[in-house]
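> Sequence isn't available, so here's the structure alone:
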């Protein structure tokens, strides 16, 4: 796994040490039946998930609002290092096919780093990378820290 240094002007970072073993964090990110239970901050929920865990594989989810409105999200894995690293993007679909951004879409690339902690838990780092400062700021204003933090709290509760 190559070291990655976030760009503070373009990237948002959520980093925590959590009391969940790395293999459980990996399972939560890579098994659709688990991901659907924690991925979207309540009261929203994830109602569909397709994962093809390989570089070029699909990572599609559908989120549902409390009012029942559904929001499909299509993406592609760019890098998969089993047990350690997932890199995915919303700007490509399966087999690296480009996706045209629709109205309201937020194009970004996500990087999930899973590192064993000394206490048996996980040093968890999630990075949302953006093409420009306005996209980064838009994601920040949408509640990146609160939303991704709440989702991580749900992952911890599920896998503990």
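Looks like it came in fine. All of these numbers come straight from a predicted model, not from anything done at the bench. Numbering: from 1, shown residues only.
> Provide the contact partners of the strand or helix carrying residue 126 at residue level.
Under the criterion of DSSP states H and E, residue 126 resides in strand 122-129. Strand 122-129 is contacted from outside by 4, 6-7, 10-18, 20-22, 25, 108-117, 136, 139, 144, 148, 152, using CB atoms under 8 Å, 6 or more residues apart in numbering. All C-beta atoms are positioned from the backbone trio N, CA, C, and that covers glycine.
> List the neighbouring strands of that strand plus their orientation.
Here strand 122-129 is paired, per DSSP bridges, with strand 11-18 (antiparallel), strand 109-116 (antiparallel).
> if you average pLDDT over the longest helix seen in the chain, what comes out?
Longest helix in the chain, counting residues (DSSP state H): helix 144-159. On average, the pLDDT along helix 144-159 is 97.
> Would you confirm that residue 111 contacts residue 12?
No. Between residue 111 and residue 12 there is no contact under CB atoms under 8 Å: 10.8 Å.
> one step back: for the longest helix of the chain, which helices and strands make contact with it?
strand 11-18, helix 22-30, helix 32-38, strand 122-129 (3 or more CB pairs under 8 Å, 6 or more residues apart in numbering; DSSP states H and E).
> Out of those, the one nearest residue 99 is which?
With CB to CB, the closest approach to residue 99 among the helices and strands packed on helix 144-159 belongs to strand 122-129: 16.1 Å.
> ok so, going back, distance to residue 46 and mean neighbour count added to the helices and strands packed on helix 144-159, as JSON lines?
JSON lines is the format used below for these (distance: least, CB to CB, whole Å; neighbours: other CB atoms under 10 Å):
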{"stretch": "strand 11-18", "distance to residue 46": "18", "mean neighbour count": "16"}
{"stretch": "helix 22-30", "distance to residue 46": "12", "mean neighbour count": "19"}
{"stretch": "helix 32-38", "distance to residue 46": "5", "mean neighbour count": "17"}
{"stretch": "strand 122-129", "distance to residue 46": "16", "mean neighbour count": "20"}
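> Quick check: which of these is nearest to residue 98?
Closest approach to residue 98 among the helices and strands packed on helix 144-159 (CB to CB): strand 122-129, 16.9 Å.
> Helix or strand next in line after that closest one, which one?
Following strand 122-129 in sequence, per DSSP H and E, is helix 133-141.
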